[in-house]
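Student: coords below, sequence missing:
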DNA sequence: CTGAAAGCGCTTACAG
DNA sequence: CTGAAAGCGCTTACAG
């Protein structure tokens, strides 16, 4: 492995000088010297060692991205957004899948601390609380941004889940639905509780009472949406005519279960999702949903983190707009 | 930031001793001393600096994963597989999206060299050739594994695309189809050329000639499958009755274009894909395809890389099995 | 069983 | 404009 020393020797200068041309330092250097150094670097194929540099400068130009599962179609868009901005800004991204496991989250937190990442972006909930618990932020003062609302004091980049859920349910109400079920995310999720609030607000806005039998808890996974249908009144008096699922995956699971029971969507039961994952527009019927700007969430989170790393002030909360995406699963053609 | 020196002072021992307990070294240490050191580490919240360690040991326990685009549904499964094994083996993964851009690939290669990653996994083609060109492997001897067939001498983890494509087309032939079009990947892709070979072999196996009019080049993206339909004979003499697309995304694009033209799938035209992305089983009709074990490709690639990093011999090529996944887009119910 | 010291490959304050 | 030297935080061969 060729080092800065080799380059210095080869060019007949000191390592100080090599370091200066390497870093385009302000320090004046004669053009001739600079040329010699550049030539030596080229000839030797020198590539500076980032670890040595980090040790000096106390920065790694690396960030950690902690999420539940990249294979969940909600996340790739976020990851891509983060990565694009990171790359532009000269940062590298370490990907950490936690499956929302506390243990795995803690392990990653430790590794990220050891690697001295400059910052961390959290998404998918849960992890944040664990992290605060482990004194991750207090002790190390690692700059951190969270995608989604959370209970801590870290900068957040989010959408207004309550408002968006309310709009989604109002869409169903405006279509004449009155028995509207909701399949929620896990009770511990702020996202789920916000979306549930939106559901309640929408009903309250019409002076309607919430029927607890129409609220079924899921876990944001396809399977839980599928199974939720077992627990909902589908026929007879009190039967539902619409479902608002807290995310697309559960909505799609529910639609599948409904179709297997011979129920038409949206003819018998309208279904509304949340997220607008790519899948939503490919299935039949195409899923009406709330479009969450995932790529932009990633982009914005990384921009906020970069600001933080540059020592600048950042807003405690950045809220991006969602958009009601009405497709075929709520509208009878 | 607390360092090993602080711990040593706090515990009243030398940094040598602290380092020894930190690394569970073979070197004998008295239980009492060990306890004192452990206590000091705990009290001070000490977290060793990986950069300093890397500088000494000349290993970073970090690998780079280079792929075209994590937002393409083919890749998350691979990434997850790589990450799971990496995590178990104590490695961290840097994610690099190249969009198959040579420039972006080169940039990443440089960054990964600077960061002194222990190894690299390539997937998505193209990049490998660029990398060889930049002397990435020769100069730095960075252990590298490629997912997919390639022209270099690097260890590969792949499926047998030719065989699998042949089976897919034979499935169509066995259904009675004789005018079978194929929508290929880019001509430069080894994957695409292998799948095209399989198509040819299948036809040749029946003594049939290949009609060049039925071969349309795409680029593995949804849009190119959609547009390919414009260039195919859909009605009248010489019309096709089936399509074999080189991946699911293009197959789904083609299906959409066919449906917009009022053609039934599979009634008028059967469609076969390749990959078995999650989307394939959600669309209507469900897509018949070749199941590629993406997660296992990732797992296996990382296992091979870990072997390489452990200094052990690895097979030049590891081939995983595909499976014909017959669903609704080729079978009339 | 314990530790002093050299060294990994860089950056930079200081001196000239 | 140039460079000698200290130091970033670790590991480990060597000595005791």
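Tutor: Received it, and whenever you're ready, just let me know what you need. Every value quoted in this text rests on a predicted model; they were computed, and no experiment measured them.

Student: and the residue positioned nearest the centre of chain A, what are its phi and psi?
Tutor: Nearest to the geometric centre of chain A sits residue A:123, at 4.3 Å (Cα atoms, centre = their mean). Residue A:123 adopts backbone torsions of phi -150, psi 150, taken as degrees, to the nearest 10.

Student: who touches the closest residue to it other than its chain neighbours in this structure?
Tutor: Leaving aside its sequence neighbours, residue A:123 sits nearest to residue A:147 (Cβ to Cβ, 6 or more residues apart in numbering or on different chains; 3.9 Å). Yep, even glycine has a C-beta here, placed from its N, CA and C like the rest. For residue A:147, the contacting residues are A:78, A:121-123, A:156-158, A:297-298, A:301, by Cβ atoms under 8 Å, 6 or more residues apart in numbering or on different chains.

Student: Let's see which of those residues end up in strands.
Tutor: In strands, judged by DSSP state E, the following of those are found: A:121-123, A:156-158.

Student: Could you export those as a markdown table, including distance to DNA strand C and pLDDT?
Tutor: A markdown table is the format used below for these (distance: Cβ to the nearest atom of the strand, whole Å; pLDDT from 0 to 100):
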| residue | distance to DNA strand C | pLDDT |
| --- | --- | --- |
| A:121 | 26 | 96 |
| A:122 | 30 | 94 |
| A:123 | 33 | 94 |
| A:156 | 32 | 95 |
| A:157 | 31 | 97 |
| A:158 | 36 | 96 |
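
Student: pLDDT score assigned to the closest residue to residue A:223 other than its chain neighbours?
Tutor: Once flanking residues are discounted, residue A:223 sits nearest to residue A:253: 6.2 Å by Cβ to Cβ, 6+ apart. With respect to pLDDT, residue A:253 has a value of 94.

Student: which SS state does residue A:65 fall under?
Tutor: strand (DSSP: H, G, I helix; E, B strand; the rest coil).

Student: my guess is it contacts residue A:121, does it?
Tutor: Yes - counting by Cβ atoms under 8 Å, residue A:65 touches residue A:121, with 5.1 Å between them.

Student: neighbour-wise, which of those two wins?
Tutor: Using other Cβ atoms under 10 Å in any protein chain shown as the criterion, residue A:65 and residue A:121 rank with residue A:65 on top: 29 against 26.

Student: Please list all residues in contact with the more buried one.
Tutor: Neighbour list for residue A:65: A:79, A:82, A:93-96, A:120-121, A:123, B:95 [criterion: Cβ under 8 Å, 6+ apart].

Student: can I get these in CSV with distance to residue B:212?
Tutor: CSV is the format used below for the contacts of residue A:65 (distance: Cβ to Cβ, whole Å):
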residue, distance to residue B:212
A:79, 41
A:82, 44
A:93, 44
A:94, 48
A:95, 43
A:96, 49
A:120, 54
A:121, 50
A:123, 49
B:95, 40
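
Student: Tell me which of those residues fall in helices.
Tutor: A:79, A:82 (DSSP state H).

Student: What are the boundaries of the strands in the stretch 201-333 of chain A?
Tutor: Using DSSP state E, counting those that start in this stretch, the strands of the stretch 201-333 of chain A run over A:215-217, A:242-245, A:270-272, A:289-291, A:317-320, A:323-325.

Student: Could you work out which of the ones you listed reaches nearest to residue A:12?
Tutor: Nearest to residue A:12 among these is strand A:317-320 (52.6 Å), distances taken as Cβ to Cβ.

Student: Relative to the closest one, what are the paired strands and their orientations?
Tutor: strand A:156-159 (parallel) (DSSP bridges).
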